[in-house]
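Asker: Sharing a model prediction with you, sequence too.
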Amino acid sequence: MDFIKHQSLLENQSTPFYVYDLQALGANLNACKQEANKYGYEVHYALKANANNKILSAFVEKGFGADCVSGGEVQAAVQAGFNPQKIVFAGVGKADWEIELGLSNEIACFNVESVQEIEVINGLAQKMGKVAPIALRLNPNVDPKTHSYITTGLEENKFGINPWEYENVIETAKNSKNIKIKGLHFHIGSQITDLGVFKNLCSRVNEIQNYFVDRGFSFEDVNLGGGLGIDYAQPDENPIPDYKAFFKIFDQFLEPLPNQKVHFELGRSLVAYCGNLITKVLYIKEGVKTNFAIVDAGMTELIRPALYNAYHKVENIFAQTEDFEKYDVVGPICESSDTFVKAIELPKTKRGDFIAIRCAGAYGEVMASGYNLRKLPKSIFI
Ligand SMILES: *Cc1c(COP(=O)(O)O)cnc(C)c1O
């Protein structure tokens with residue numbers, strides 16, 4: 001984003017706040033659609049990355065489906081105008097009211113994560129006189145080579161159904177008259193930058209599909225989840241992820257069943273770049289090895305660095321000087337983990353300077369909290 005172009009607008013807001021570049025978002029969504037359409041793939045936007053209304057509207061306008069992980073998200077997706085027949089609902093712990101909400105809105109699919117969940121959905125559907133469309137979320141045991149906190153497809157993770165439960169699943173499914181198994185679902189993790197991981201996923205999915213086909217099953221849908229990573233280090237060099245290479249891998253290595261529809265659930269890759277957290281420097285304090293730039297945003301506005309040790313590029317956006325110094329950029333919250341970045345070179349920074357924390361459009365504003373009784377951040381759109 002060209003911050004200088006919007007200098008007066010940004011300087012007139014009270015900090016901290018999120019600023020979203022809707023043009024950058026639109027370009028990203030178009031690029032994704034264009035590549036997915038080549039193969040007839042359907043992309044569902046993972047609402048948990050960012051559920052801001054204006055962002056949801058952009059997805060609805062471009063015809064994306066929705067991927068939800070809570071009743072609140074199903075409700076938000078319906079209200080934003082997503083076609084219920086393109087809404088899928090995953091999550092290891094769906095409460096009864098959340099399942100009922102999905103059933104009454106006639107969403108496309110529940111991605112179920114355990115044998116017991118199949119039984120519960122079947123019972124609730126029976127009471128409502130409905131047949132619940134489900135996909136089995138299977139744990140493919142593929143290493144996504146990403147941070148352990150955002151790994152979801154290994155046997156040690158809580159997500160998905162493991163191979164030792166397959167027979168039990170088949171038995172339960174046969175005895176459940178109020179569910180219809182429409183597909184298989186996989187999601188192995190997030191911020192995956194090694195595309196070879198998706199090739200491994202394809203070969204596991206092929207094996208697993210064959211296992212079920214050999215036992216008399218057939219599936220209308222196969223859903224490969226999300227997880228495509230972005231370039232946090234060089235955002236302006238790579239504002240749009242390589243969707244071309246990503247979808248091509250599935251075209252080359254996935255073996256869909258005849259007439260099977262292939263689905264994806266992307267979150268981060270679609271929205272991370274378009275959002276920035278803007279904050280002002282409150283104080284500069286001399287440290288031992290570096291200076292501290294204490295800013296007015298903290299882990300309450302953007303928790304990813306504190307939670308996952310995630311890296312976000314930090315820039316002093318209107319600084320004029322060529323004089324650089326080293327800083328730890330930290331927030332005001334009473335936790336030592338409330339640090340955005342350590343020992344980075346910035347133009348000599350002073351009280352009142354505007355700092356942008358880049359690529360904060362995904363898992364930023366949605367994770368904001370009121371810890372320390374802080375106010376939730378505002379957002380503006382340009
Ligand atoms: C979080 C999530 C996604 C999206 O992951 P990204 O890394 O943001 O693309 C997709 N599917 C499921 C089930 C998820 O929980």
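Answerer: Sure thing, it's come through.

Asker: who in the stretch 201-350 of the chain is up against the ligand?
Answerer: Counting by CB under 6 Å from any ligand atom, the stretch 201-350 of the chain comes close to the ligand at 225-228, 265-269. Where C-beta positions appear, they are placed from N, C-alpha and C, glycine not excepted.

Asker: can you list the residues of the stretch 1-150 of the chain near the ligand?
Answerer: 46, 48-49, 67, 69, 90.

Asker: can you put those residues in CSV and add pLDDT?
Answerer: What follows is these, written out as CSV (pLDDT from 0 to 100):
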residue, pLDDT
Ala46, 98
Lys48, 98
Ala49, 98
Asp67, 98
Val69, 97
Ala90, 96
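
Asker: Just the buried subset of the residues you listed, please.
Answerer: Using 16 or more other CB atoms under 10 Å as the burial test, these include 46, 48-49, 67, 69, 90 as buried.

Asker: Asn141: which of the residues you listed is nearest?
Answerer: Ala90 (17.9 Å; CB to CB).

Asker: residue contacts, that closest one?
Answerer: Contact analysis of Ala90 by CB atoms under 8 Å, 6 or more residues apart in numbering lists 67-69, 111, 113, 137, 185, 187, 265.

Asker: likewise Thr146?
Answerer: With CB under 8 Å, 6+ apart, Thr146 has these contacts: 189-193, 227, 229.

Asker: any idea where the helices of the stretch 1-150 of the chain begin and end?
Answerer: In the stretch 1-150 of the chain, the helices defined using DSSP state H, counting those that start in this stretch lie at 7-11, 22-38, 53-61, 71-80, 96-104, 115-127.

Asker: got those as CSV, with distance to Asn309 and mean neighbour count columns?
Answerer: Below are the helices of the stretch 1-150 of the chain laid out as CSV (distance: least, CB to CB, whole Å; neighbours: other CB atoms under 10 Å):
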stretch, distance to Asn309, mean neighbour count
helix 7-11, 28, 13
helix 22-38, 26, 17
helix 53-61, 26, 18
helix 71-80, 26, 19
helix 96-104, 31, 18
helix 115-127, 32, 18
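
Asker: now those as TSV including mean pLDDT?
Answerer: Converted to TSV, those look like this (pLDDT from 0 to 100):
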stretch	mean pLDDT
helix 7-11	96
helix 22-38	98
helix 53-61	98
helix 71-80	98
helix 96-104	98
helix 115-127	97
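
Asker: and the residue of the stretch 51-200 of the chain found nearest the ligand, how many neighbours does it have?
Answerer: Going by CB to the nearest ligand atom, the ligand is nearest to Ser190 of the stretch 51-200 of the chain, at 3.2 Å. Counted with other CB atoms under 10 Å, residues neighbouring Ser190 total 25.

Asker: List phi and psi for the closest residue in space to Lys48 that isn't next to it in sequence.
Answerer: Leaving out its chain neighbours, the residue that sits closest to Lys48 by CB to CB, 6 or more residues apart in numbering is Val69, at 5.4 Å. Backbone torsions of Val69, given as degrees, to the nearest 10, read phi -130, psi 20.

Asker: can you pull out the strands in the stretch 201-350 of the chain?
Answerer: 221-223, 261-266, 275-286, 291-295, 314-316, 324-330, 339-347 (DSSP state E, counting those that start in this stretch).
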